[in-house]
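> Any chance you can model this:
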Amino acid sequence: MSPFFVMSLLFGLIFGQAASLCAPSEYTIHVEKRECAYCLAINTTICAGFCMTRDSNGKKLLLKSALSQNVCTYKEMLYRTALIPGCPHHTTPYYSYPVAVSCKCGKCNTDYSDCVRERVRTNYCTKPQKLCNL
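Residues are numbered from 1 along each chain as shown. The predicted structure follows:
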């Protein structure tokens, strides 16, 4: 291989990684249950950021599977469980939520991600709030 080809390949790999700004980001989830007295604000991490993608000009000539675009998604995650305060004994007071450990640019997995545009903001409390820092 020529030195020019090797340098071009290395530059492309380095630039591609640098241009993708997909990483764990701090996020607050607000959780409440109808039966419980409080709303719980949970600080966690989610995957967020920009991923390089290419949009083809020949969309009508390609299969739909070739048109999927990369999104910032979970590479590695774990689940934690929080206790919602003020719940009566007959109610399950636990809430499990994902924590992003690392992220990647890839195809969106609808098993654990919302792959559509951002929904209407409903991330707020209607009850008195308690903060959970885990």
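
> which residue sits closest to P88, ignoring its sequence neighbours?
Distances taken as CB to CB, 6 or more residues apart in numbering place E35 nearest to P88, at 5.9 Å, with adjacent residues excluded. (C-beta placed from N, C-alpha, C; glycine too.)

> count of neighbours near that neighbour?
E35 has 13 neighbours, counted by other CB atoms under 10 Å.

> Touching, it and T91? I think so.
Yes - applying CB atoms under 8 Å as the test, E35 and T91 come out as touching, 4.4 Å apart.

> Next up, the contacts around E35.
Neighbour list for E35: C87, P88, H90, T91 [criterion: CB atoms under 8 Å, 6 or more residues apart in numbering].

> can you rerun that using 7 Å?
C87, P88, T91 (CB atoms under 7 Å, 6 or more residues apart in numbering).

> and what of P24?
P24 touches T45, C47, A100, S102, C103, counting by CB under 7 Å, 6+ apart.

> quick one: it and K104, what's the gap?
11 Å (CB to CB, to the nearest Å).

> try T44
From T44 to K104 the distance is 18 Å (CB to CB).

> Would you mind measuring from N43 to V99?
On the measure of CB to CB, N43 and V99 end up 10 Å apart.

> higher neighbour count, the two?
It is V99, of N43 and V99, that has more neighbours when counted by other CB under 10 Å, with 18 against 13.

> What's opposite the more buried one in the beta bridge?
L78 (DSSP bridges).

> So it is in contact with I46, correct?
No - V99 lies out of contact with I46 (CB atoms under 7 Å); the separation is 8.6 Å.

> shaky segments in this protein?
1-20, 54-68, 112-123, 131-134 (pLDDT under 70).

> could you pull out the strands for it?
Ranges of strands within the chain are 21-32, 39-50, 71-83, 94-106, 129-133, based on DSSP state E.

> List the strands paired with the first one, with their directions.
Strand 21-32 sits in its sheet next to strand 39-50 (antiparallel), going by DSSP bridges.

> buried ones in the partner strand?
C39, L40, A41, I42, T44, T45, I46, C47 (16 or more other CB atoms under 10 Å).
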